[in-house]
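1. Predicted model follows, preceded by the sequence.
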Amino acid sequence: MYPWYQGLKPNFKLPDDDRHGIQQLYGAKEEKLWGEIPAYNPPQQQPSYPDRPRQHPTKPAERPTD
């Protein structure tokens, strides 16, 4: 593990025994850490419109009879 008591040093590398211990705990580093991330294509949706109000049939106008 990093020896904080020695302060920060540029280009620090863990000693081999520390590196091997970490690899035993968590597994060795793989060549490719992440796979390809597929592009997100959201489904195309038709815009939704509110329902039209229902129109009830109207009665025919009553005509005066002569």
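-> Done, it's in.

2. CA only for contacts and neighbour counts going forward, please
-> OK.

3. Share the number of residues neighbouring residue 22, please.
-> Per other CA atoms under 10 Å, the neighbour tally for residue 22 reads 13.

4. Find me the pLDDT at it, would you?
-> At residue 22, the model reports a pLDDT of 86.

5. element containing the residue nearest in space to the middle of the chain?
-> Per CA atoms, centre = their mean, the C-alpha nearest to the average position across the chain is that of residue 40, at 8.9 Å. Assigned by DSSP states H and E, residue 40 falls within no helix or strand.

6. cool, residue 23 as well?
-> In the assignment (DSSP H and E), residue 23 maps to helix 16-26.

7. Now do the residue nearest to the centre of the chain against residue 47, distance only.
-> Separation of residue 40 from residue 47 (CA to CA, to the nearest Å): 20 Å.

8. One more: residue 39?
-> Residue 39 is 23 Å from residue 47, by CA to CA.

9. repeat for residue 53
-> 18 Å.

10. What of residue 17?
-> 61 Å.

11. Compare those two (neighbour count), which wins?
-> A side-by-side neighbour count of residue 17 and residue 47, using other CA under 10 Å, places residue 17 first with 10 against 6.

12. for residue 23, what are its contacts?
-> residue 29 (CA atoms under 8 Å, 6 or more residues apart in numbering).

13. and residue 20, how many residues sit next to it?
-> 14.

14. same deal with residue 5?
-> Residue 5, neighbours per other CA under 10 Å, totals 6.

15. Repeat that for residue 18.
-> Per other CA under 10 Å, the neighbour tally for residue 18 reads 13.

16. what about this structure, any weak spots by pLDDT?
-> Within the chain, the stretches with pLDDT under 70 are 1-3, 31-34, 57, 66.

17. and residue 21, how many residues sit next to it?
-> Using other CA under 10 Å: residue 21 sits among 13 other residues.

18. swap that for residue 19, sorry
-> 13.

19. could you measure it against residue 10, distance?
-> From residue 19 to residue 10 the distance is 18 Å (CA to CA).

20. and if you look at residue 48?
-> With distances taken as CA to CA, residue 48 is found 59 Å from residue 10.

21. Could you do residue 58 as well?
-> From residue 58 to residue 10 the distance is 88 Å (CA to CA).
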